[in-house]
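Predicted coordinates and the sequence they were generated for:
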Amino acid sequence: MDEVRRELERCTRCGKCRAVCPTFLVTRRETDVARGRIALFESILRGEAAATDRAGEILMGCYRCARCMDVCPSGVRVDMIVQAARELLARRRGLGPAARLVFRGILPRRRLYDRMIALARVAQAVLPSRSAQPVRHLPLIYGGRRSVPRLARRPALRTLPEIIKGKGEIKISLFLGCMLNYVYPEIAASIMRVLDMHGVDIILPKTQVCCGTPVLASGDAAAARALARRNAAALEADKVDAVVFGCASCALTVARDYPRLLDRPGALPDKVFDITEFIDRFLGYSNLPIDETVTYHDPCHLRWGRGVTGPPREVLRRSSDYVEMERAGDCCGLGGSFSLTHYDVSCALGEAKVESIRSSGAAVVATACPGCILQLQDQLARAGLGVPVVHAVQVYEMSYLRGRAGHEYVPFDSRARSGRSSRF
Amino acid sequence: MVHYARAARFPMKEKDLVRLCRGIVGKEHATDALEDRICHGCDATREQALPDLVVRPGCAEEVGAILSLANERRVPVYPRGAGSGLTGGALPLRGGILLDTSRLNRIISIDPADSTAVVEAGVVLGEFQAAVERRGLFYPPDPASSDFCTIGGNLAECAGGLHCVKYGVTRDYVLSAEAVLPCGDIIHTGSGTLKSVVGYDIGRLLIGSEGTLCVFTRATLRLIPLPECVRTMLASFRTVADGVRAAVRIASGPVLPRTLEIMDELTIRCIRAYKPFGLPAGAAAVLLAESDGPPAAAAAGIARMAEACRAEGAIEVETPSDKAEADLLWEVRRAASPALYSLSPRKINEDVCVPRSRLPSLFEGVAGIAARGGIAVACFGHAGDGNIHVNALYDAADPDERSRAERGIEEVFRLVLDLGGSISGEHGIGTAKARFLSWEVGGREIALMRAIKRLLDPNDILNPGKIFPDEPRISADERGSSRILP
């Protein structure tokens, strides 16, 4: 807490966060920007204000995109402050029974989680699709307003092999996260194929659980700590050179929050690689660019959270006819559960992003976070713009296969059938 | 410092004030929730005060109705744009209504034929500048906060910035303004034409009045053609004196620079520690200058400036023709503020202004004050205007260091006035410098200013406690009196 107080003290209230904060730029209210939130949190700490519902709204209204930290002249760790504020709120006000159940009962238990998702999938199937795209309402959580993709029939962790032997040069652990596991297993499979094509030794620990991002966002540090411990055990069971992520949010949480949650400045955070960082750094470029114009949207947690802007662009530049979009670093508007509680703000940001995509003229939009993919698919569907949204790794995979025409790559799942893969 | 304790909370005798305000601006735009009031109670001074209400009007008529109501009930009203002011202009020191102008954010029109634009007060300066530049036009005032400050706040504070040396300050670009007086009346100053000498120039009185005389709601602004080409120069000097002399030489012609910024030794040291920019070793002063116009003119201008620097003994002069390289040079200047913060999280940031020719004496004098007082003082800023940001750095946890810094700043003010200068070039007086007002402004002039304030705001409801130290309570007698000067 001393560290948090030091950060609070460093905010000079200059107001520069107003220039970039996505929520502020939609609402133009001082309650929706870092400066206001910091002032309020300080007052709560001094006992001048209480942890009321309104305080909750204000402090939970932050996207945690870290964009303000990029422009802050004092370099204030707004992410740390907002996190501390939410943990304080959670302690003083308690979590709702539903949140408690999910964070502490379901997320740490893989089989139960799988079953809940299977149930949600059944519920989802009952409702008709809004558009031709493979998106459907998820009535249980989304109140029927937002389109989301069909939940996967079988989670990626159930279908993908746990171990793939490679050339023995570089060994990695793969962390999927809930979105790749339950919503976009095809992206998880693509990541695994790309790594396999290059002979990387892959471990996909089946004991991995939710990284804890939504749990931390709600301020439940204890539940997040339990998840962090399980994941650390899963990812560190084997000695690996890197832990590869396909989800920018999971990667940020592990890199930024795990040292505190695990109470050790671990080797784990140092090994965090986004899949595009990993490709750019270790896999060379033996691919042949595809003839599609592809543009790129920066996930906040990758660009503002971890400062990664070059590798995903380089991967796409080498894999396609790449075009940069205007304001690529502006938030797409998802922000996890934020978009459920503030769908109007989420849509305002999404619409601006759709305009950037439209004016880029690209045929495909790629990004590096399944959350952004979900939001972009919804927003593009709302706008009636038929631009497919993919993960950058999928573009790379296509270009790699193109570069290998004649030397057919046999995917691990086919190999599995012919008995070449150990566990499947 | 926190004002909660000493800010006498406005006695909410009339519980219906929120209801009445909501009746004017709509339910969702007026609130008395404590949390919202706290969020709106700060500005860039880092002081915190607590208003009783936060009201967000959507048009001039709503502002008028709110002021009229407040005047009737004797409730203080504080206009607030982005809360980016550095002297406390937006702080709701005595409770009352915090009037947030953020909703007045429409650019009404941009007219290339007349080179004018009409904007509402809450429009963000940077967004407006981007909009006019897309049409080949230029609105030069550019305070450091241009990405988030509002045009209304710029008018109220008469904002300056880097381009002032060549292009002047906010007041030079306001052709006409729509403003609401404390009684709630909406007035329009000027005519919107480039020239007009009909009656008193009320606009000039209101611009820079720090929200004490009116609330700006709309302005017709003058635009100029966007210069075709900008060239940049960075020159390093072995001593501050060399750099300052070069600045004076550049600014006195023959080519007026578009910007002319100086950074002193401590600033450079902080910048180096913050991010190594490849500034030459042994540099104790850096000048950053720009020349603009058609490409040939801009190049010729920058060559003249480089010559002036060499004549004053510059150790290195860079004049990149490439825009990307020029942007890198500006990174150095942009790093000044964050670099100082990284050395010391707290600073007293003053913005004194002296006649340009006195700049050498100013730098020399400030160095002496810093040495005698044992204070770290970093100076950088707009050498072309003679407007220098004097930053006394201190540790918030060390009260002794803070008071030494405060005493040092007082000495700087005395020095500046001795040099025929002004204690504030850009930031205004607000609350931060109210006690120094009489150092610079004479008794009769202050009395005239107070009389004007009384005339327009007899009940002292609009932004009370700003500019004038300890505003005396105004008796009914005085209000009725026709005598303006004592």
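Noted; the coordinates are in hand.

Show me the strands in the stretch 51-200 of chain B, by range?
Ranges of strands within the stretch 51-200 of chain B are B:53-55, B:77-80, B:97-100, B:107-111, B:116-120, B:137-138, B:174-180, B:186-190, based on DSSP state E, counting those that start in this stretch.

cool, and the stretch 51-200 of chain A?
For the stretch 51-200 of chain A, the strands defined by DSSP E, counting those that start in this stretch cover A:135-137, A:147-149, A:163-164, A:171-175.

which parts of chain B sit against chain A?
B:2, B:4, B:33-36, B:38-46, B:48, B:56, B:82-84, B:100, B:102-103, B:105, B:122, B:124, B:126, B:145, B:147-149, B:337-338, B:341-342, B:345-346, B:396 (Cβ under 8 Å from any Cβ of the partner chain). The C-beta positions use only the backbone N, C-alpha and C, and glycine is treated the same way.

Counting neighbours, which of these end up buried?
Neighbour-count burial (16 or more other Cβ atoms under 10 Å in any protein chain shown) is assigned, among those, to B:33-36, B:38-46, B:48, B:56, B:82-84, B:100, B:102-103, B:105, B:122, B:124, B:145, B:147-149, B:337-338, B:341-342, B:345-346.

Cross those against helices and list the overlap.
In helices, defined here by DSSP state H, the members of these are B:Leu34, B:Glu35, B:Asp36, B:Ile38, B:Cys39, B:Ser337, B:Pro338, B:Tyr341, B:Ser342.

Enumerate every residue touching the fourth one.
So the one you mean is B:Ile38. By Cβ atoms under 8 Å, 6 or more residues apart in numbering or on different chains, the contact list for B:Ile38 reads A:Gly36, A:Ala39, A:Leu40, A:Ser43, A:Glu48, A:Ala49, B:Gln48, B:Leu50.

Quick check, pLDDT for the fourth one.
Per-residue confidence at A:Ser43 stands at 96 (pLDDT).

now do the third one
Model confidence at A:Leu40, given as pLDDT, is 97.

same check, this time on the fifth one
According to the per-residue confidence, A:Glu48 scores 94 in pLDDT.

host element of it?
Of the helices and strands defined by DSSP states H and E, none includes A:Glu48.

What average pLDDT does stretch B:203-221 get?
Stretch B:203-221 comes out at a mean pLDDT of 98.

That stretch: which residues count as buried?
Quick answer for stretch B:203-221 (16+ other Cβ under 10 Å): B:203, B:206-221.

Off-centre distance for it?
Computed by Cα atoms, centre = their mean, to the nearest Å, the chain-centroid distance of stretch B:203-221 equals 13 Å.

Quick one: end-to-end length of it, please.
12 Å (Cα to Cα, to the nearest Å).

quick one, what contacts residue 362?
All of this refers to chain A. By Cβ under 8 Å, 6+ apart, the contact set of A:Ala362 is A:Thr293, A:Val294, A:Thr295, A:Val323, A:Met325, A:Val387.

Wait, chain B was what I had in mind.
Contacts of B:Leu362 by Cβ under 8 Å, 6+ apart are B:Val352, B:Val354, B:Gly386, B:Ile388, B:Leu415, B:Val416, B:Leu419, B:Gly421.

so is the first one in a helix, a strand, or just coil?
Applying DSSP: H, G, I helix; E, B strand; the rest coil to B:Val352 yields a three-state assignment of strand.

which element is the spatially closest residue to it that is not a sequence neighbour on?
Nearest residue to B:Val352 in three dimensions, chain neighbours excluded: B:Val416, at 4.4 Å (Cβ to Cβ, 6 or more residues apart in numbering or on different chains). Element membership of B:Val416, judged by DSSP H and E, is helix B:399-418.

which other residues reach that helix?
With Cβ under 8 Å, 6+ apart, helix B:399-418 has contacts from B:346, B:348, B:350, B:352-354, B:362, B:365-366, B:369-370, B:373-375, B:377, B:390, B:392-396, B:422-423, B:436, B:439-440.

Chain B contacts on chain A?
A:9-16, A:18-20, A:28-31, A:35-37, A:39-40, A:43, A:46, A:48-49, A:52, A:54-55, A:58, A:71, A:73-75.

Please indicate which of those are buried?
Applying 16+ other Cβ under 10 Å to these, the neighbour count classes A:9-16, A:18-20, A:28-31, A:35-37, A:39-40, A:43, A:49, A:52, A:54-55, A:58, A:71, A:73-74 as buried.
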